[in-house]
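A.B. asks: sharing a sequence plus its predicted fold:
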There are 2 protein chains.
Amino acid sequence: MSGTYVHGYRAREHERLQDQAGTLVDLLHADTAYPSGSSVLEAGCGVGAQTVTLARRSPEARFTSVDVSAESVAEAQRRVDGAGLANVELRQADIFDLPFEPASFDHVFVCFVLEHLSRPVEALSLLGGLLRPGGTITVIEGDHGSAYFHPDSPAAHAAIACQIRLQAEAGGDALIGRRLYPLMVEAGFDAVGVSPRMVYVDSSRPDLVDGFTRRTFTAMIEGVREPALAAGLVDPAGFDAGVRALHRTTDADGVFCYTFFKGVATTPSR
Amino acid sequence: MSGTYVHGYRAREHERLQDQAGTLVDLLHADTAYPSGSSVLEAGCGVGAQTVTLARRSPEARFTSVDVSAESVAEAQRRVDGAGLANVELRQADIFDLPFEPASFDHVFVCFVLEHLSRPVEALSLLGGLLRPGGTITVIEGDHGSAYFHPDSPAAHAAIACQIRLQAEAGGDALIGRRLYPLMVEAGFDAVGVSPRMVYVDSSRPDLVDGFTRRTFTAMIEGVREPALAAGLVDPAGFDAGVRALHRTTDADGVFCYTFFKGVATTPSR
C-alpha cells in the first residue's frame, strides 16, 4: 500500500475524527446493521471512530477490524476496550495484502478509506474476494467538492482546493464520494446502490454548526495549512482568509452544505 | 418589479420546465398538502408547472395562482383547464404589487421565483403580510452552485458559471437555494425550517439521467449559449466543451448531483 494519507495520523486528528463520528452517526450509520452471528470485516478502521458505533449497533455480529497503522490499531483497541465491546477483533494489516482466506466474511465495511488509496478499484476487488456468496459490502466516503456555503467565498474554495490538491498528490482523491457508484460497478459488485447523505447546516442546528462545520470540516482544512504553504499552493494571507470565510459560515445567517455518499452492493458474481 | 428573468419565457423553455416538474414532483412536493377549505396563494406560478401538481395534491384547498407575465398566466390557464382542475383561480399580477388585502390567505407557496428577484427579502415580507396568523409559507429554490458531477470538468463548471453570471447581471441569484434560511429569517418569519432536496443521478436511475441531468439541467445551460457568447463570458469552443462534459456525465459511469432547497415557516409576528 502506498503511503497516501494527508490526514488521520496526528494526535489532534484523533479528536477531530471522534467529533466527526459523533455528530454524523445517525446520518451515516442508521441503516447499517448486521445479523446475529454474521462476520464483518471493517477494512481501514483507523483509530476506531466507526468501529465502536458499528459494533454497538450490531451486538450479535462479530467484527474483524484492520488498519495498516499499528498505532491506529492500538488506539482503536483502547476505544473498543473502553466501550466494553467483546465482539471486535483488531488486527494490523494492509488492505492490499489482507491475511484472510477467500470468502471468509459475510460482510465488508469500508468508511473514509478509499479516498486515501491510489488504486481504489483494486482494493474493492480484493475485498470482494473475501466475501461469501450473498455477502454485502458497504462503502462510505466524503466529497470535499460537495462543500458549498453562504456567504460564498473564493478564498474558502481556494483553501479547500489546497486539501484536495494535497490529497491528490499523495495518490488519493478527496472528491471520491461522487464516484462510488462507478468504482463499485468497476470492481465487479452486483446490485450497487449509492445514496447521498447530505449534511445541511444552518443556525437552527447549533450542534451541527459546532460539531460539523466548525470542528469537523473547517478543522480539517485548517489542518493542511502547513503542508499547503510548504507546497506553495497558497500564501499565508490567502489561506487564512479562506479559513476565516469558513468560520464566517457559522454565524447566525450562515449556511454550510456537505455530502457523504454511502454505497451498498452484493458479492460479485464469480 | 425589475425585469430579471434569464430563462422561463421562451417556447422551448416551456417543455424544459414541464420536464423538470415531472421528474421532481415527489422530491419537491411530497410533503406539501393543504387542508380542506384553506386558501393558498401561489406567487409566481409561471406556466403552471407546479400549479397542477399543487392543486391535484390538495383537491379541497382553493388556489390563487399569479404571475407577472400575462402570457405565462394564459399558458397556466390552459394547463389547469386541461387537467380538469376547478380549485385554481389564475390572475396576472406583480409579486411586488399584489391586489389582495392583508391576511387574505392561509398559506403561500413560492417555487423557482426568488432566484429571479433582486429584492427577495422584500418579496417574502410582502407575501408574509398576505398571510393570516398561523399561516405558512413554503419556498422552493434551486442552487446552481450545488451542481457537481463525475467526470469532473472545469469546462462544465465554466459553462454553468455563465448562467450564474447572467442571472446575477439580471438582478437574480442562481445560488439562492443555500440562502433560503437567512432570507426567510430576515423577512421576519417564525419557525423557519429548511431542508435540502438532493437529486443524485447515476446510471442505475435512467429516468433521472434523461429527465434531470440531460433534459433539465444540461438543457438549461445549453439555453444560455447565445446570451453568454453575446456577453463575451466565454468563447464558443469553451462553452460547447462544457456542454459536452455535462452530457458526458450521462454515460454509464457518470454521476450528477444537484440540490434544491425547501423552506417552510409560519406567519411573522406582527
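C.D. replies: The structure has been received and is ready for your questions.
A.B. asks: what sits against the most centrally placed residue in chain A?
C.D. replies: The C-alpha lying nearest the average C-alpha coordinate of chain A belongs to A:Phe112 (C-alpha atoms, centre = their mean; 1.9 Å). Contacts for A:Phe112 (C-beta atoms under 8 Å, 6 or more residues apart in numbering or on different chains) come out as A:Gly44, A:Gly46, A:Gln50, A:Ile140, A:Glu141, A:Gly142. To be clear about C-beta, it is placed using only N, CA and C from the backbone, and glycine gets the same treatment.
A.B. asks: what does the average pLDDT come to for the helix or strand hosting A:Asp26?
C.D. replies: In this structure, A:Asp26 sits in helix A:11-29 according to DSSP states H and E. Here helix A:11-29 scores 62 as its mean pLDDT.
A.B. asks: name the SS class of A:Ser125, please.
C.D. replies: Three-state call for A:Ser125 (DSSP: H, G, I helix; E, B strand; the rest coil): helix.
A.B. asks: spatially, which residue comes closest to it, not counting chain neighbours?
C.D. replies: A:Ala187 (4.7 Å; C-beta to C-beta, 6 or more residues apart in numbering or on different chains).
A.B. asks: measure A:Asp31 to A:Arg57 for me?
C.D. replies: Distance, A:Asp31 to A:Arg57, using C-beta to C-beta, to the nearest Å: 10 Å.
A.B. asks: same question, A:Ala245
C.D. replies: 37 Å.
A.B. asks: cool, A:Arg248 as well?
C.D. replies: Relative to A:Arg57, and taking C-beta to C-beta, A:Arg248 is found at 36 Å.
A.B. asks: now swap in A:Ala74 and tell me
C.D. replies: A:Ala74 is 24 Å from A:Arg57, by C-beta to C-beta.
A.B. asks: wait, isn't A:Ser204 in contact with B:Val192?
C.D. replies: Yes: with contact defined as C-beta atoms under 8 Å, A:Ser204 counts as touching B:Val192 (6.9 Å).
A.B. asks: which neighbours do the two share?
C.D. replies: Joint contacts of A:Ser204 and B:Val192 (C-beta under 8 Å, 6+ apart) are B:Tyr181.
A.B. asks: of those two, which one has the most company?
C.D. replies: B:Val192 (23 against 14; other C-beta atoms under 10 Å in any protein chain shown).
A.B. asks: which helix or strand contains that one?
C.D. replies: Counting by DSSP H and E, B:Val192 is found in strand B:190-202.
A.B. asks: what does A:Val139 give?
C.D. replies: Short version, using DSSP H and E: A:Val139 is in strand A:131-141.
A.B. asks: quick one, that strand and strand A:190-202 angle?
C.D. replies: 20 degrees (axes from the mean of the first three to the mean of the last three C-alpha atoms, to 10 degrees).
A.B. asks: burial of A:Ala76, as a residue count?
C.D. replies: Neighbours of A:Ala76 (other C-beta under 10 Å): 25.
A.B. asks: I'd say it and A:Leu90 touch.
C.D. replies: Yes: counting by C-beta under 8 Å, A:Leu90 is a contact partner of A:Ala76 at 5.5 Å.
A.B. asks: before we move on, the earlier item: touching the helix or strand that the helix holding A:Asp26 is followed by from outside, list them.
C.D. replies: Sequence-wise, the next helix or strand downstream of helix A:11-29 (DSSP H and E) is strand A:39-43. Residues from elsewhere that reach strand A:39-43 (C-beta under 8 Å, 6+ apart): A:34, A:50-51, A:54, A:58, A:61-66, A:95, A:98, A:100, A:104-111, A:113, A:123, A:127, A:130.
A.B. asks: so which of those are in helices?
C.D. replies: Secondary structure from DSSP state H places A:Thr51, A:Leu54, A:Ala123, A:Leu127 of those in helices.
A.B. asks: so which of these comes closest to chain B?
C.D. replies: Relative to chain B, the closest of the ones in helices among the contacts of strand A:39-43 is A:Ala123; by C-beta to the nearest C-beta it sits at 17.9 Å.
A.B. asks: and the closest one, how many neighbours?
C.D. replies: For A:Ala123, using other C-beta under 10 Å, the count is 23.
A.B. asks: and what of the one 3 residues further on?
C.D. replies: A count of nearby residues for A:Leu126, using other C-beta under 10 Å, gives 16.
A.B. asks: A:Pro35 now?
C.D. replies: A:Pro35: 11 neighbours (other C-beta under 10 Å).
A.B. asks: and it, how close does it get to A:His116?
C.D. replies: For A:Pro35 relative to A:His116 (C-beta to C-beta), the value is 30 Å.
A.B. asks: got the CA coordinates for the helix or strand harbouring A:Ile221 in PDB?
C.D. replies: In this assignment (DSSP H and E), A:Ile221 forms part of helix A:219-222. Taking C-alpha atoms only, helix A:219-222 is exported to PDB below (Å, rounded to 0.1, in the frame of the first residue of the first chain):
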ATOM      1  CA  ALA A 219     -10.800  22.000  11.400                       C
ATOM      2  CA  MET A 220      -9.700  19.600   8.600                       C
ATOM      3  CA  ILE A 221      -9.000  22.400   6.300                       C
ATOM      4  CA  GLU A 222      -7.100  24.300   9.000                       C
END
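A.B. asks: export the contacts of A:Phe112 to TSV and tack on pLDDT and distance to B:Gly238?
C.D. replies: Shown next, in TSV, are the contacts of A:Phe112 (pLDDT from 0 to 100; distance: C-beta to C-beta, whole Å):
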residue	pLDDT	distance to B:Gly238
A:Gly44	97	40
A:Gly46	97	42
A:Gln50	94	43
A:Ile140	98	36
A:Glu141	98	31
A:Gly142	98	30
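A.B. asks: look up how far A:Gln163 lies from A:Phe239.
C.D. replies: Taking C-beta to C-beta, one finds A:Phe239 at 11 Å from A:Gln163.
A.B. asks: from the chain's centroid, how far away is stretch A:94-114?
C.D. replies: Here stretch A:94-114 is found 15 Å from its chain centre; the criterion is C-alpha atoms, centre = their mean, to the nearest Å.
A.B. asks: span of it from start to end?
C.D. replies: 13 Å (C-alpha to C-alpha, to the nearest Å).
A.B. asks: with stretch A:246-259 instead?
C.D. replies: Start-to-end, stretch A:246-259 (C-alpha to C-alpha) is 16 Å.
A.B. asks: just confirm yes or no for it near chain B.
C.D. replies: Yes: applying C-beta under 8 Å from any C-beta of the partner chain, one finds stretch A:246-259 touching chain B at A:Ala252, A:Asp253, A:Gly254, A:Val255, A:Cys257, A:Thr259.
A.B. asks: now the last one: closest residue in space, sequence neighbours ignored.
C.D. replies: The spatially closest residue to A:Thr259, leaving aside those adjacent along the chain, is A:Ser146, at 4.0 Å (C-beta to C-beta, 6+ apart).
A.B. asks: and that neighbour, what does it touch?
C.D. replies: Contacts of A:Ser146 (C-beta under 8 Å, 6+ apart): A:Gly177, A:Arg178, A:Met198, A:Cys257, A:Tyr258, A:Thr259, B:Tyr148, B:Cys257.
A.B. asks: same question, A:Leu98
C.D. replies: A:Leu41, A:Ala43, A:Val66, A:Leu126, A:Leu127, A:Leu130.
A.B. asks: let's go with 7 Å and repeat that
C.D. replies: By C-beta atoms under 7 Å, 6 or more residues apart in numbering or on different chains, the contact list for A:Leu98 reads A:Val66, A:Leu130.
A.B. asks: can you pull the phi/psi pair for it?
C.D. replies: A:Leu98 adopts backbone torsions of phi -80, psi 140, taken as degrees, to the nearest 10.
A.B. asks: low-confidence ranges, the stretch 1-150 of chain A, go.
C.D. replies: A:1-23 (pLDDT under 70).
A.B. asks: what sits opposite the residue of it found nearest chain B in the beta ladder?
C.D. replies: Residue of the stretch 1-150 of chain A nearest chain B, by C-beta to the nearest C-beta: A:His150 (4.8 Å). When assigned by DSSP bridges, A:His150 has beta-bridge partners A:Val255.
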